[in-house]
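*Asks:* the following block contains a protein sequence and its predicted model.
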2 protein chains.
Amino acid sequence: MGEFDLIKRFFTRATPRAVLGVGDDCALLQSAPGMQMAISTDMLVSGRHFFPDVDPRALGHKALAVNLSDLAACGAKPLAFTLALSLPAADAAWLEPFSQGLLALADAHGCELIGGDTTQGPLNICITVFGEVPRGMALLRSGAQAGDDVYVSGNLGDASLALAQLLHERGDAPATQALLDPADLTLARQRLEQPTARVALGLALRGIASAVADISDGLLGDLGHILERSCVGATLDTALAFALLDIRRYTPQTRALLASEALRQTVLQHVLSGGDDYELVFTSPVSQRAAVQAAALASNTPVTRIGQIETAPGLRLLDAQGRLLDHRFHSFDHFGSQQE
Amino acid sequence: MGEFDLIKRFFTRATPRAVLGVGDDCALLQSAPGMQMAISTDMLVSGRHFFPDVDPRALGHKALAVNLSDLAACGAKPLAFTLALSLPAADAAWLEPFSQGLLALADAHGCELIGGDTTQGPLNICITVFGEVPRGMALLRSGAQAGDDVYVSGNLGDASLALAQLLHERGDAPATQALLDPADLTLARQRLEQPTARVALGLALRGIASAVADISDGLLGDLGHILERSCVGATLDTALAFALLDIRRYTPQTRALLASEALRQTVLQHVLSGGDDYELVFTSPVSQRAAVQAAALASNTPVTRIGQIETAPGLRLLDAQGRLLDHRFHSFDHFGSQQE
């Protein structure tokens, strides 16, 4: 099957919103008056961002979800995306479920596939996503101010726990303890492989949050981007870390194990620096606490207040007794060099 | 060196035109009133689209040029682009010239780097480019009408000749005759590795051309896209093929060899189906001949009239005596299956 047939078969859809969709040299998009276009791109590489044998349907979902997560962090409404695919072979048995997972999520967000490129090579998925946001309303990383609250959405650490255990089971990681029961691994693995982009929350936080970032590389690293661009610091309450795991859905055995004193540091590491959560970390003035709760309710997304923005630069972590932790948690860096 | 340092060091520039550039979750672009956004994406894979040891400066140029070529085919003015890079290692000695080649071309077109992604993996470059075009003025593939002239810009076949010879020299291809003298290979290789996107011609053809495509996969294949989407056919005069090569710049020996009867079919194959030319193929009404010449002059881009659009579907090739060629020229397909 030729390249063009492949594209047609799995990826050509109606694009009622775009002026012109797949099939010409360019796609055409028209912004509504008063709107700005938010643009983000993410590349997923086999063996780096996903296991080569991952369920292609889940991979299709994740490839778009990680991009939608960037739109969410910007408070932008998804409009459209392009897909560039490098594939070892034109394999319909892989492309069909991949396109189904991808397009099901696209449909759920009204996000149209308007163009792309397909080539032969090592498996690589590059998506560029387009959203719209009223002029001047985009949520940025740079607006946090001393005194603002720090929040995270949803759960943190489960994806990282799943990844560690899967690597362990595959023999790809140094032997670590298996922390999750099989049923819990299934649960956590879904967080890893089919993350939920917090688009509705991002939209609801327009005009309320002072700064937002999505958590792809771990809470500390991504909050660090907010602090750096806002020229502020923060103190976080790590006593909440255990509760940030999707812990209510785990079996009593797993809960007990993860809550044990011996695993405190390990659990903290997963929650604070694990990566692949695709939640939002955001700040907002104390005067907006009720508005934040209303935004959380309206978007059906739990949020947890975890700290405070301060003038002093840097990131301080407090334990349950309010003592400063001498932390050395590392954020995820794709080139393997570790960053604090 | 970490990922973030790398990005900062080589790719962070001022982005006066974008509302928000590199460094947040999304970039923000604002369309001017009455403008539509033209969008295209191209992925270049090492060993498939370029030799792994190609000059990184030339590669940076080409990665953007092939995308600008899509904007040219749409008649869109370049605005901005995103860059997603998968790299085996964070190698400054490679990244510096790559970024220089890329950004020099970007600067020449006023096209701003507004965002991106960097990850570790097999070398892969994915660029998504944004241009603007007044509403309703985009040049499409679908507007060719019976009676229209068919034109190509610039030269065709030289890139393909260079690629064949380079593959031959590397022992990567079945032994073929070396057709180009060393000096001519240098010339043709520049066409292969540092193509010129016909942006100025594309802009000049707004309101004049009835259909346009860029020639990335060979003239016959890309003209075929125009014919298919316009529901028409065409007849081309292949007697012009030899003259479409950048032949005036070749040495007399190479000219004599390429003009020989024995190589007629080979030369035709390179010119008509070679790929990697990044010229424009376009159609326009006979009444616009003077306007086409004026557009060519204004954009300093040679154009050659090579045929006529007809009602009868399909593509017919005539030889110098006006006889129908029983052609079997193949267009380039990234999955290696051949298409006529």
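*Replies:* Received the coordinates, thanks.
*Asks:* going forward, measure contacts and count neighbours with C-alpha atoms only.
*Replies:* Fine.
*Asks:* distance of the residue nearest the centre of chain A relative to chain B?
*Replies:* Compute the mean C-alpha point of chain A, and by CA atoms, centre = their mean the closest residue is A:Tyr278, 1.8 Å away. Distance, A:Tyr278 to chain B, using CA to the nearest CA, to the nearest Å: 12 Å.
*Asks:* just A:Asp184 next, same as before
*Replies:* According to CA to the nearest CA, A:Asp184 stands 30 Å off from chain B.
*Asks:* A:Ser86 touches A:Thr118, doesn't it?
*Replies:* Yes. Counting by CA atoms under 8 Å, A:Ser86 does reach A:Thr118; the two are 5.9 Å apart.
*Asks:* between these two, which contacts overlap?
*Replies:* Both A:Ser86 and A:Thr118 are contacted by B:Met43, under the criterion CA atoms under 8 Å, 6 or more residues apart in numbering or on different chains.
*Asks:* which phi and psi does the residue nearest to the centre of chain A have?
*Replies:* The phi/psi pair for A:Tyr278 (degrees, to the nearest 10) reads phi 60, psi 40.
*Asks:* pretty sure A:Cys111 contacts A:Thr82?
*Replies:* No. Counting by CA under 8 Å, A:Thr82 is not a contact partner of A:Cys111; they are 10.2 Å apart.
*Asks:* what about A:Ala108, how many neighbours?
*Replies:* Neighbour count of A:Ala108, defined by other CA atoms under 10 Å in any protein chain shown: 8.
*Asks:* oh sorry, the question was meant for A:Pro52
*Replies:* 13.
*Asks:* ok, A:Cys111 and A:Thr82, which is more surrounded?
*Replies:* Between A:Cys111 and A:Thr82, counted using other CA under 10 Å, A:Thr82 has the larger neighbour count: 26 against 23.
*Asks:* show me where the stretch 101-250 of chain A has its helices.
*Replies:* A:158-169, A:182-193, A:199-204, A:219-230, A:241-244 (DSSP state H, counting those that start in this stretch).
*Asks:* A:Ala159 against A:Leu185, yeah?
*Replies:* No. Look at A:Ala159 against A:Leu185 with CA under 8 Å: they stay out of range, at 9.5 Å.
*Asks:* picking up where we left off before, quick one: the residue nearest to the centre of chain A from A:Glu261, how far?
*Replies:* 28 Å (CA to CA, to the nearest Å).
*Asks:* cool, A:Ala72 as well?
*Replies:* Per CA to CA, A:Ala72 is found 36 Å from A:Glu261.
*Asks:* ditto for A:Thr12
*Replies:* From A:Thr12 to A:Glu261 the distance is 53 Å (CA to CA).
*Asks:* of these two, which one has the most company?
*Replies:* A direct count of neighbours by other CA under 10 Å for A:Thr12 and A:Glu261 places A:Thr12 higher, at 15 against 10.
*Asks:* which other helices and strands contact the helix or strand in which A:Ala294 is found?
*Replies:* Counting by DSSP states H and E, the element that carries A:Ala294 is helix A:289-298. In terms of contacts (3 or more CA pairs under 8 Å, 6 or more residues apart in numbering or on different chains; DSSP states H and E), helix A:289-298 is packed against helix A:199-204.
*Asks:* rewinding a little: pull the CA atoms of the helix holding A:Ala294 into CSV?
*Replies:* Extracted in CSV, the C-alpha atoms of helix A:289-298 (Å, rounded to 0.1, in the frame of the first residue of the first chain):
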residue,chain,number,x,y,z
ARG,A,289,-10.1,30.7,46.1
ALA,A,290,-13.9,30.5,45.7
ALA,A,291,-13.5,31.1,41.9
VAL,A,292,-10.9,28.3,41.7
GLN,A,293,-13.2,25.9,43.5
ALA,A,294,-16.0,26.9,41.1
ALA,A,295,-13.8,26.3,38.1
ALA,A,296,-12.9,22.9,39.4
LEU,A,297,-16.5,22.0,39.9
ALA,A,298,-17.6,23.4,36.6
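*Asks:* what's around the residue in the stretch 151-300 of chain A positioned nearest to chain B, how many residues?
*Replies:* Going by CA to the nearest CA, chain B is nearest to A:Ala213 of the stretch 151-300 of chain A, at 6.4 Å. Neighbourhood size, A:Ala213 [other CA under 10 Å]: 32.
*Asks:* now A:Pro195
*Replies:* A:Pro195 is flanked by 22 other residues according to other CA under 10 Å.
*Asks:* as CSV, the helices of the stretch 101-250 of chain A with mean pLDDT and mean neighbour count would be great.
*Replies:* Listed next are the helices of the stretch 101-250 of chain A as CSV, based on pLDDT from 0 to 100; neighbours: other CA atoms under 10 Å in any protein chain shown:
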stretch, mean pLDDT, mean neighbour count
helix A:158-169, 91, 22
helix A:182-193, 93, 20
helix A:199-204, 98, 23
helix A:219-230, 94, 22
helix A:241-244, 89, 20
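*Asks:* which residues in chain A form strands?
*Replies:* For chain A, strands defined by DSSP state E occupy the ranges A:27-29, A:35-45, A:77-87, A:112-120, A:124-134, A:149-153, A:211-215, A:233-237, A:279-284, A:303-310, A:314-318.
*Asks:* what about the first one and chain B, touching?
*Replies:* Yes. With CA under 8 Å from any CA of the partner chain as the threshold, strand A:27-29 lies in contact with chain B, specifically through A:27-29.
*Asks:* packing partners for that strand?
*Replies:* For strand A:27-29, the packing partners by 3+ CA pairs under 8 Å, 6+ apart come out as strand B:35-45.
*Asks:* list the pairing partners of the strand it packs on within its sheet, with orientation.
*Replies:* strand A:27-29 (antiparallel), strand B:124-134 (antiparallel) (DSSP bridges).
*Asks:* contact partners of the longest one?
*Replies:* This points to strand B:124-134. Taking CA under 8 Å, 6+ apart as the rule, strand B:124-134 contacts A:84, A:126, A:128, B:31, B:34-46, B:63-64, B:67-68, B:71, B:75-87.
*Asks:* write a PyMOL command that selects only the buried members of these.
*Replies:* Command for PyMOL that selects the buried part of the contacts of strand B:124-134, burial taken from 16 or more other CA atoms under 10 Å in any protein chain shown:
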select buried, (chain A and resi 84+126+128) or (chain B and resi 31+35+36+37+38+39+40+41+42+43+44+45+46+63+64+67+68+71+75+76+77+78+79+80+81+82+83+84+85+86+87)
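*Asks:* where does pLDDT dip in the stretch 51-200 of chain A?
*Replies:* Filtered on pLDDT under 70, the stretch 51-200 of chain A yields the residue ranges A:173-177.
*Asks:* tell me which parts of it are close to chain B?
*Replies:* A:70-71, A:73-74, A:82-86, A:89-90, A:115-122, A:126, A:128, A:140-141.
*Asks:* please repeat the previous calculation with a cut-off of 7 Å.
*Replies:* Within the stretch 51-200 of chain A, the residues that sit near chain B (CA under 7 Å from any CA of the partner chain) are A:70-71, A:73-74, A:84, A:115-117, A:119-122, A:126, A:140-141.
*Asks:* between those residues, which is closest to B:Asp148?
*Replies:* Nearest to B:Asp148 out of those is A:Gly115 (CA to CA; 27.9 Å).
*Asks:* residue contacts, that closest one?
*Replies:* A:Gly115 sits next to A:21-22, A:27, A:82-83, B:40 when contact means CA atoms under 7 Å, 6 or more residues apart in numbering or on different chains.
*Asks:* hmm, A:Pro122 is touching A:Ala89, no?
*Replies:* No. Using CA atoms under 7 Å, A:Pro122 makes no contact with A:Ala89, being 9.2 Å away.
*Asks:* these two: who's more crowded?
*Replies:* Legend: neighbour count by other CA under 10 Å for A:Pro122 and A:Ala89, higher for A:Pro122 (19 against 15).
*Asks:* residue contacts, the residue nearest to that one when sequence neighbours are not counted?
*Replies:* Of all residues not flanking A:Pro122 in the chain, A:Pro88 sits nearest, at 5.4 Å (CA to CA, 6 or more residues apart in numbering or on different chains). By CA under 7 Å, 6+ apart, the contact set of A:Pro88 is A:120-123.
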